[in-house]
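Novice: My questions are about this predicted structure, shown below with the sequence.
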Amino acid sequence: MIASQSKKKFSDKILEWHRHHGRYDLPWQKNKDPYLVWISEIMLQQTQVGTVIPFYIKFIDRFRTIVDLAEASEDEVMAYWSGLGFYSRARNLHKTAKIIAVQFSCKFPDSYENLIQLPGIGKSTAGAILSFCYKKKFAILDGNVKRVLSRFFGIQESINLTKTEKHLWDISEQLLPDNDIDIYTQAIMDFGATLCTPKKPQCDSCPINQTCIAKKNNLTGTIPLKNKTKTQADRSTEFYIYECNKQILLVKNRTGVWNGLWLPPQQNSLSKKYIIHKQGERQCVFSHYRLKYKYFLIKITNKKDLMVDGLWFDWKEISDLGLPAPIKSLMINLSN
DNA sequence: CATACGTGGTT
DNA sequence: TAACCAAGTAT
């Protein structure tokens, strides 16, 4: 339990800091339309602000309302998400738009119970939407808040543990101010993102440095503690880029990473003799493993030589398709 | 509870 | 170069 006076001090100081040092000109801060806030929150999950901005601008320009999104094809939604990563976010975004269109008559839900059941909206995203759009007193617990709170309270247990996570949620909820909840939610994220940073936090100009346990004990370099996940074995695959009549064959991937995106076939199904025009080897690094792949550019004269369940696309269509970032980059290279 | 799920930037 | 990090959620 945190004493009510300490609570007020904490939120007051974060709010006061935000007045002078907060971020005010991000593209999703122009209004409190829950649809737009939702899009930004999903895009920002595990993704840096600078990466999100151009994707957000293009996305909301194409899908201006929940109806635009609900009526779009999954393929087009994936194309707009192409390069942003964590593609289940895009698939869930599309699912949720349809659910809101049908079950909520296009009106964005404003209760925790309704929000939390929507695909892709978890506790923190629900809290962000409720506080930003409806000024309801709900907490968030993103990476920024975890770092700020674990340092301020000197929490030296790993933040990966369920117990610690629960503790942090508890603190985050207790610290909420009675007023200006929407500003406070933005303020504590800005605070974590720009002052209480992972590396080299600016403790000298921190408004709560007098009572920060990590600062007091010189532990800002070690808090928050994280369990490191064990490194996984590399994986390998091959991509066969078949060209015929200035078109290339792609198949819709339905498993694992890149689920929902287009990929070149990963096995060679040509029975006749063929010529490899270009080939090479690359790798891409994921959160949990490294993928090494060989690629082969093979030109054929008859599409019927390939019995593959895919579609043929013009080279110039590649940049507008839902392809993984490294594969799109490879293909654009090969088209030159 | 641990793991799957991307990508690009920084150290 | 490898490791770490970024507005988490689903299973």
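Specialist: In hand now; what should we look at?
Novice: which regions of the stretch 151-300 of chain A sit below the pLDDT cut-off?
Specialist: Within the stretch 151-300 of chain A, no stretch falls below the threshold (pLDDT under 70).
Novice: So what's the residue count around the residue of it found nearest DNA strand C?
Specialist: Per Cβ to the nearest atom of the strand, residue A:198 is where the stretch 151-300 of chain A lies closest to DNA strand C, at 3.3 Å. (C-beta placed from N, C-alpha, C; glycine too.) Residue A:198 has 13 neighbours, counted by other Cβ atoms under 10 Å.
Novice: Ok, residue A:114 next?
Specialist: For residue A:114, using other Cβ under 10 Å, the count is 16.
Novice: so what's it closest to, chain neighbours aside?
Specialist: Among residues not flanking residue A:114 along the chain, residue A:104 sits closest, at 7.4 Å (Cβ to Cβ, 6 or more residues apart in numbering).
Novice: The residue of the stretch 151-300 of chain A closest to DNA strand C contacts residue A:147, doesn't it?
Specialist: Yes: the pair residue A:198 and residue A:147 qualifies as a contact (Cβ atoms under 8 Å) at a distance of 6.6 Å.
Novice: Contact residues of chain A facing DNA strand B?
Specialist: Contact residues (Cβ under 7 Å from any atom of the strand) of chain A with DNA strand B: A:46-48, A:50-51, A:83-88, A:160-163, A:199-200, A:229-230, A:232, A:255-259, A:284-288, A:324-326.
Novice: Against residue A:44, how distant is the closest residue to DNA strand B within the stretch 201-336 of chain A?
Specialist: Of all residues in the stretch 201-336 of chain A, residue A:257 sits closest to DNA strand B, with a separation of 3.0 Å (Cβ to the nearest atom of the strand). From residue A:257 over to residue A:44 the distance is 20 Å, taken as Cβ to Cβ, to the nearest Å.
Novice: Nearest spatial neighbour of residue A:77, chain-adjacent residues omitted?
Specialist: residue A:94 (4.7 Å).
Novice: do residue A:153 as well
Specialist: Among residues not flanking residue A:153 along the chain, residue A:213 sits closest, at 5.9 Å (Cβ to Cβ, 6+ apart).
Novice: Can you get me a residue count around that neighbour?
Specialist: 16.
Novice: Equivalent analysis for residue A:58, please.
Specialist: Neighbour tally, residue A:58, other Cβ under 10 Å: 11.
Novice: Helix, strand, or coil at it?
Specialist: Classification of residue A:58 by DSSP: H, G, I helix; E, B strand; the rest coil places it in helix.
Novice: Can you get me a residue count around residue A:138?
Specialist: By the measure other Cβ under 10 Å, the count of residues near residue A:138 is 22.
Novice: Then the one 3 residues further on?
Specialist: As a burial measure, residue A:141 scores 21 neighbours (other Cβ under 10 Å).
Novice: what's near enough to touch the residue of the stretch 151-300 of chain A closest to DNA strand C?
Specialist: Counting by Cβ atoms under 8 Å, 6 or more residues apart in numbering, residue A:198 touches residue A:147.
Novice: mind listing what's buried in the helix or strand where residue A:277 lies?
Specialist: Using DSSP states H and E, residue A:277 sits in strand A:276-285. Using 16 or more other Cβ atoms under 10 Å as the test for burial, strand A:276-285 gives residue A:284.
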